[in-house]
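A.B. asks: no sequence for this one, just the structure:
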């Protein structure tokens, strides 16, 4: 029961959620193997994948595993034989698969996973927090945060393209904020298969493909004689991913006519004095607040980090020094970390150590457990950051916003 | 243009598809007028247990920037129309993620509307709907508590009938012609278009003045700050309880003062204290410990605790001692035992009246007898005759 309105010769319009958009992308990318295990809010993508299969719109091996651990193991092995794969999870489900998540990177087996961002319970909670996806940040996963349902479908094509590039061969997770993306339906432009085919070449593992005609062994015991070199190889792949992402983004914009810059989305930053930085759907209230504050003459702007791994260090290092103060919003926590700040805050501070001049950087922990990041709270964050700009620094570098005192 | 928002208040999980269909259709129809919108369910309602009050929203704006402006506050704080697809929800709703009882018209804008599918008269519904200090319209579309959209049930056209009524109540959001086109695009069924047209003609509206309605103060609860809350996720156990109404005899369990969940109820037990044999079965089997033991050894179903499951009626060995009656028949949660003690004859008359009025005719989560839903949906004014 979808009303499809043709908006151009090569795309249609649908009213779908971010999860449904990613399932659509699976069909358009001709994914071979999909594994699943239900956990909210990721399970929304399962429902739509099942529907597409039932409707004959998607042909693939669809395996509902007996746990997330098997779920991620199965796609890992499928990827080894050259199958394009899709999987995903949320919160503690993602953590249940942690062993599989960790080994996939070293084995250089590309997969695309959707993380429906969810708080790590107990206490029972399904609301959005970014700690689930961020937990793999050190392991070699490419990590991307989507902001809209349109972003979800677009990012999915990019994810396969980058992950399956022979220079990279790494897994990629698309983070979709639980509820805000997974459970709300927006108008999405769905491209024609011909456009996707033009952008996304078939997955070719070449000499690494596990096949009877190509007898190889994967993942032997290595220990201290080999492992450090393997880690260095994975590191090199992650470093190469930067250029692959830039290249893929450029081609995406050429073919689909949208997409913007690869790593950062800048909103009214050109003449801004202070900016806030964040990931995911919090971009929406931030943009509205920027517009409203600009109407009153405040020079404020917003930067959305699209790729968290590889981290857009060079881009931020070039961009941020021109502002008078920078605020970083984390929908996550990193307890006991430097300044007790969130993950993104510490990463931004770290890269800014190389800046010729120190800009005051304030950290905000907000929107945990799916709590809304409201217009008043975004204004509060701008005001705190502006104050640091006016005074050339601050005594309090970390604030919890929206917590009940 | 202005940005419009509507909410559909429904009973999870059975009415979820119905609510989703309504909200999606609004957005799809608005698109045909060059507008843009979004449709989403309130995430905090999940997972939806049987009968739990839940919400779905649709927002329609003139362009993407207007939509962003509105959605920056994700969940609407006021709506043009509050749609209610089960009239017992008019007594107020307590979602399980939301402490306190919310009046059904809590989000309705001044001069907005509450649109209810119901066989009740406006005056009856006004006894349930809490007072508001702003005027609004109460619109009634004749209909039952529909399960339409749930694949195992008959499509009684409630989804499109709501759309037709909306075109009448809130024509500037989306017009009737666009709804009709969207209905045809989605379902390809001319009869559903006719149903929408009939609803457009037949929806009845009556103004509700400030201060008019149920004067009861809905119970509420302030969420504590992080420094006050108990640490380590510990929730203190509830005391076992004591004597009936704090006295010497009987027994009354202590209950949560912040989470009552009685708005899940669509029917309630009425008890004939004259025939009760004090066998204890209702008290033992009630999953919500809703029965208070009176000093004379009777069992008084506490309406601040009863979720209306009907187990007591099933286990009661005495014919017609406990009878489930549709919630529409009641406008308060008063103690039946108090009433009986006060005036036995009056109580027995009240009991007969209530049973005559609404013996188990409507259940939003489970039916009293096989074929009940079909019987009810026959009476709906759909766009075809069969």
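C.D. replies: In hand now; what should we look at? Computed from a prediction, not measured in an experiment: that's the story for all the values here. Residues are numbered from 1 along each chain as shown, chains lettered A, B, ... in the order given.

A.B. asks: so the residue positioned nearest the centre of chain A bridges to which residues?
C.D. replies: Nearest to the mean C-alpha position of chain A, by Cα atoms, centre = their mean, lies residue A:144 at 2.0 Å. Residue A:144 forms beta bridges with residue A:174, residue A:307, as assigned by DSSP bridges.

A.B. asks: In this structure it contacts residue A:307, no?
C.D. replies: Yes: contact criterion Cβ atoms under 8 Å: residue A:144 and residue A:307 qualify, at 5.3 Å. (C-beta placed from N, C-alpha, C; glycine too.)

A.B. asks: Around chain A, pick out the residues from chain B.
C.D. replies: B:21, B:24, B:27-28, B:31, B:36-41, B:43-44, B:46-47, B:68-69, B:71-75, B:182, B:185-187, B:223-227, B:233 (Cβ under 8 Å from any Cβ of the partner chain).

A.B. asks: picking that back up, residue contacts, the residue nearest to the centre of chain A?
C.D. replies: Taking Cβ atoms under 8 Å, 6 or more residues apart in numbering or on different chains, we find residue A:144 in contact with A:155, A:158, A:159, A:172, A:173, A:174, A:175, A:306, A:307, A:308.

A.B. asks: which ones are touching the residue nearest to the second one when sequence neighbours are not counted?
C.D. replies: Once flanking residues are discounted, residue A:158 sits nearest to residue A:248: 5.6 Å by Cβ to Cβ, 6 or more residues apart in numbering or on different chains. Applying Cβ under 8 Å, 6+ apart, one finds that residue A:248 lies in contact with A:158, A:161, A:162, A:165, A:262.

A.B. asks: Surely the third one forms part of a helix?
C.D. replies: Yes: under the criterion used here (DSSP: H, G, I helix; E, B strand; the rest coil), residue A:162 sits inside a helix.

A.B. asks: Tabulate the contacts of residue A:248 (JSON lines), appending distance to residue A:397.
C.D. replies: Compiled in JSON lines, these are given as follows (distance: Cβ to Cβ, whole Å):
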{"residue": "A:158", "distance to residue A:397": "34"}
{"residue": "A:161", "distance to residue A:397": "38"}
{"residue": "A:162", "distance to residue A:397": "34"}
{"residue": "A:165", "distance to residue A:397": "39"}
{"residue": "A:262", "distance to residue A:397": "29"}
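
A.B. asks: could you point out the longest helix in the chain?
C.D. replies: You didn't say which chain, so I picked chain A. helix A:227-256 (DSSP state H).

A.B. asks: try chain B instead
C.D. replies: Looking across chain B with DSSP H, the single longest helix is helix B:16-32.

A.B. asks: now for it, which elements pack on it?
C.D. replies: strand A:11-17, strand A:184-191, strand B:4-11, strand B:36-41, strand B:53-61, helix B:158-169, helix B:176-187 (3 or more Cβ pairs under 8 Å, 6 or more residues apart in numbering or on different chains; DSSP states H and E).

A.B. asks: Out of the ones you listed, which gets nearest to residue A:27?
C.D. replies: Closest approach to residue A:27 among the helices and strands packed on helix B:16-32 (Cβ to Cβ): strand A:184-191, 9.7 Å.

A.B. asks: tilt between that closest one and strand A:11-17?
C.D. replies: The directions of strand A:184-191 and strand A:11-17 differ by 160 degrees, with axes from the mean of the first three to the mean of the last three Cα atoms, to 10 degrees as the criterion.

A.B. asks: Pull up the pairing partners for strand A:184-191, direction included.
C.D. replies: In the sheet, strand A:184-191 lines up against strand A:11-17 (antiparallel), strand B:36-41 (antiparallel) (DSSP bridges).

A.B. asks: same for the following helix or strand past that strand, what does it pack against?
C.D. replies: Using DSSP states H and E, the helix or strand that follows strand A:184-191 towards the C-terminus is helix A:193-199. Where contact means 3+ Cβ pairs under 8 Å, 6+ apart, helix A:193-199 is packed against helix A:149-163, helix A:227-256.

A.B. asks: The residue nearest to residue A:158 and residue A:200: what is the separation?
C.D. replies: Distance check for residue A:248 against residue A:200: by Cβ to Cβ, to the nearest Å, it reads 9 Å.

A.B. asks: list residues touching both of those two?
C.D. replies: residue A:161.

A.B. asks: So residue B:302 versus residue B:259, what's the distance?
C.D. replies: For residue B:302, the distance to residue B:259 - Cβ to Cβ - is 15 Å.
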